[in-house]
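> My questions are about this predicted structure, shown below with the sequence.
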Amino acid sequence: MNIDFEHRMSAHCENGVTSNLLRFNGVDLSEPMIFGLGSGLAFVHVPFMKFNGAPITSFRPLPGSIFNKVNKALGTKIIRKSFPNNPQKAMLELDKTIERGIPVGLLVGVYNLSYFPSAMRFHFNAHNIVVFKKENHKYLVSDPVMEQLEWLSEEDMVKVRYAKGTYKPKGRMYYIENVNTDYNLQKAIKKSIRFTSMMMIKAPGPIIGVSAIKLLSRNIKKWGEKYDSRKASRYLGSVIRMQEEIGTGGAGFRFLYAAFLQEAGRTLKNDNLLIASEKMTVIGDLWRTFAIDSGRVCKLRSRDNQTYDTVADQLLVIAKLEKELFTDLSKIKI
Amino acid sequence: MKTENVSQDDANFFEGKSSSIQYAVDENGNYTQVKSLGLEPSNIVLQQAWDDIKEESEHALEDVRKGLKSPIYYFMIKEIMDVKILSETTGLSRWRIKRHFKPRIFNKLSDKLLLKYIDAFKLKNVEDLKAISNK
């Protein structure tokens, strides 16, 4: 069965897949709206756990959480399946579902995505794509970070769905069973902003939210003092990659969230949200400056720990502003 | 961030197939999508990540040619794997894989066992695997 699936690029794969799947089912929401409703903004720094040889820093919640939150808020019915250790069944289910004319979301690893730019092909297992057509043992893929639709062979499809390493996709697939067009956007916006604000300012412990930004600041100072330039720049470099590399829309999702606040403010005619959006843009610009300065620190591989102190101090300013903004947002009348 | 300030620092990491979508404010104050060809700090750190991998695989290759490590070790580093990923890809235990890093043990491995590594490293044949030690 042939279906018409509109492919739109997005900053972040999960937003894009969610937005494209919903639009196919008649619910047309922009990427920023999806991101905001899915409470996609976060900050996590876990110094005692490593990923690709550097402490974990993340500007997003766990994979899948945006998709789940949005669909819960909108009352969409989702079917989710995973097939640990059973690739044959996983592929059969995929084929049967697209045969029924249903576009299917897949969780995949990027290492074996043959159409991906080669410099981006690391062992990263939380990428999302949509598949909606099969022809001559090849799948037609709508990957939200690619310009065009891409083809992927059956053989590669098994490999990416059963990627190895951290956070294995285990053949996970998902699709929309039916949508509820009578959702309450105002309520959904209110709930999502409240959730994001609470996570940023009230989460217990030092590894989530604004306190984690301060923790990262302290650790960057420590990296500059304790480690050789190679290790220190690798650690700082991994923060920049999480913040700015393909997928965040710039400044660790801060610009995307500002876009959401603007759209929400205009839709609900709420000036306070528009003011919050402008403040978020200012904070985003500070994050961007932090990335540019940190990039230069990494490039020089400088042994001068003062440079590490300087970028670490920028984070303290950001932490203070985010605390103020999210405190305001948590009390905002919507 | 204003749309006209969105960085277009192209280091050809996207190979013309993709770009990075950025959100920025246009002249009327509206947030909008802008395609970016690259950003200086991301280009720097991405290049460094690949330089590190290249350097590590060169070290590994030296070790292989000195007879300290087997070719399996070199290809693991080159394919950005670690023992855990290689073990999951080949289905061999980590303990066995580490043993196969020893040239003495590697030289005695059957072709059937080597095939598992060839698949994992996407090589054509056993010769490709062995040839790197004596170039």
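Everything's here; your move.
> mind checking the SS state of residue 63?
Picking chain A for this. coil (DSSP: H, G, I helix; E, B strand; the rest coil).
> what's around it, how many residues?
Per other Cβ atoms under 10 Å in any protein chain shown, the neighbour tally for A:Pro63 reads 17. C-beta: built from backbone N, CA, C; applies to glycine.
> Need the phi and psi values for it.
phi -50, psi 140 (degrees, to the nearest 10).
> surely it meets A:Tyr167?
Yes: using Cβ atoms under 8 Å, A:Pro63 is in contact with A:Tyr167, at 7.2 Å.
> list the residues that contact both of those two?
A:Ala126 (Cβ atoms under 8 Å, 6 or more residues apart in numbering or on different chains).
> From what I see, A:Val104 and A:Met91 are in contact.
No: in this structure A:Val104 lies outside contact range of A:Met91 using Cβ under 8 Å: 11.5 Å.
> Could you check which of those two is surrounded by more residues?
More crowded of A:Val104 and A:Met91, by other Cβ under 10 Å: A:Val104, with 23 against 18.
> now for the helix or strand hosting A:Leu274, which elements pack on it?
Using DSSP states H and E, A:Leu274 sits within helix A:271-300. Contacting helix A:271-300 under the criterion 3 or more Cβ pairs under 8 Å, 6 or more residues apart in numbering or on different chains; DSSP states H and E are the following elements: helix A:229-244, helix A:254-267, helix A:305-331, helix B:40-65.
> Helices of the stretch 51-200 of chain A, start to end?
Assigned by DSSP state H, counting those that start in this stretch, the stretch 51-200 of chain A shows helices spanning A:65-74, A:87-99, A:154-161, A:185-201.
> try chain B
Under the criterion DSSP state H, helices of chain B are mapped to B:40-65, B:71-78, B:83-90, B:94-100, B:103-106, B:111-120, B:126-131.
> got the buried residues for the last one?
The one in question is helix B:126-131. When neighbours are counted by 16 or more other Cβ atoms under 10 Å in any protein chain shown, the buried residues of helix B:126-131 are found to be B:Leu129.
> Number of residues surrounding B:Phe101?
20.
> can I assume it is in contact with B:Ser70?
Yes: if you go by Cβ under 8 Å, B:Phe101 and B:Ser70 touch, sitting 5.4 Å apart.
> Give me the secondary structure label for the nearest residue to A:Leu22 once chain neighbours are set aside.
Of all residues beyond its chain neighbours, the one nearest A:Leu22 is A:Leu29 (6.2 Å), with distances taken as Cβ to Cβ, 6 or more residues apart in numbering or on different chains. Classification of A:Leu29 by three-state DSSP places it in coil.
> isn't A:Leu29 right up against A:Asn20?
No: at 10.5 Å, A:Leu29 does not count as touching A:Asn20 under the criterion of Cβ under 8 Å.
> Please say which of the two ends up with more neighbours.
Neighbour count, other Cβ under 10 Å: between A:Leu29 and A:Asn20, A:Asn20 has more, with 23 against 20.
> Keeping just the C-alphas, turn the host helix or strand of that one into CSV.
A:Asn20 is part of helix A:13-24, with elements assigned from DSSP H and E. Extracted in CSV, the C-alpha atoms of helix A:13-24 (Å, rounded to 0.1, in the frame of the first residue of the first chain):
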residue,chain,number,x,y,z
CYS,A,13,14.7,13.6,15.8
GLU,A,14,12.1,12.8,18.5
ASN,A,15,10.2,16.1,18.0
GLY,A,16,10.3,15.6,14.2
VAL,A,17,9.0,12.0,14.3
THR,A,18,6.3,12.9,16.8
SER,A,19,5.2,16.0,14.8
ASN,A,20,5.3,14.2,11.4
LEU,A,21,3.3,11.2,12.7
LEU,A,22,0.7,13.4,14.3
ARG,A,23,0.4,15.5,11.2
PHE,A,24,-0.2,12.4,9.1
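> what's the distance between that helix and the middle of its chain?
Its chain's C-alpha centre and that of helix A:13-24 lie 13 Å apart, by Cα atoms, centre = their mean, to the nearest Å.
> Now the element after it, going C-ward?
helix A:31-37.
> Any residues of chain B in contact with chain A? List them.
B:1, B:6, B:13-15, B:17-25, B:30-31, B:33, B:35-36, B:39-42, B:44-46, B:48-50, B:52, B:80-81, B:84-85, B:88-89 (Cβ under 8 Å from any Cβ of the partner chain).
> Just give me the neighbour total for residue 14.
Looking at chain A here, since you left the chain open. 27.
> if you could check chain B rather than the one you did, that'd help
Counted with other Cβ under 10 Å, B:Phe14 comes out at 22.
> just checking, it touches A:Ser118?
No: assessed by Cβ under 8 Å, B:Phe14 is found out of contact with A:Ser118, at 10.4 Å.
> May I have the residues that are in contact with the most centrally placed residue in chain B?
For chain B, B:Ile80 is the residue whose C-alpha lies nearest the centre (Cα atoms, centre = their mean; 3.8 Å). Applying Cβ under 8 Å, 6+ apart to B:Ile80 gives the contacts A:Tyr111, A:Phe122, A:His123, B:Ile53.
> closest to B:Glu58 out of the helices of the stretch 51-200 of chain A?
Closest approach to B:Glu58 among the helices of the stretch 51-200 of chain A (Cβ to Cβ): helix A:154-161, 27.3 Å.
> Alpha carbons only: can I get the closest one in CSV?
Extracted in CSV, the C-alpha atoms of helix A:154-161 (Å, rounded to 0.1, in the frame of the first residue of the first chain):
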residue,chain,number,x,y,z
GLU,A,154,16.7,-4.7,4.8
GLU,A,155,20.0,-5.8,6.0
ASP,A,156,21.0,-2.4,7.4
MET,A,157,17.5,-2.0,8.9
VAL,A,158,18.0,-5.1,11.0
LYS,A,159,21.4,-3.8,12.1
VAL,A,160,20.2,-0.4,13.2
ARG,A,161,17.1,-1.8,15.0
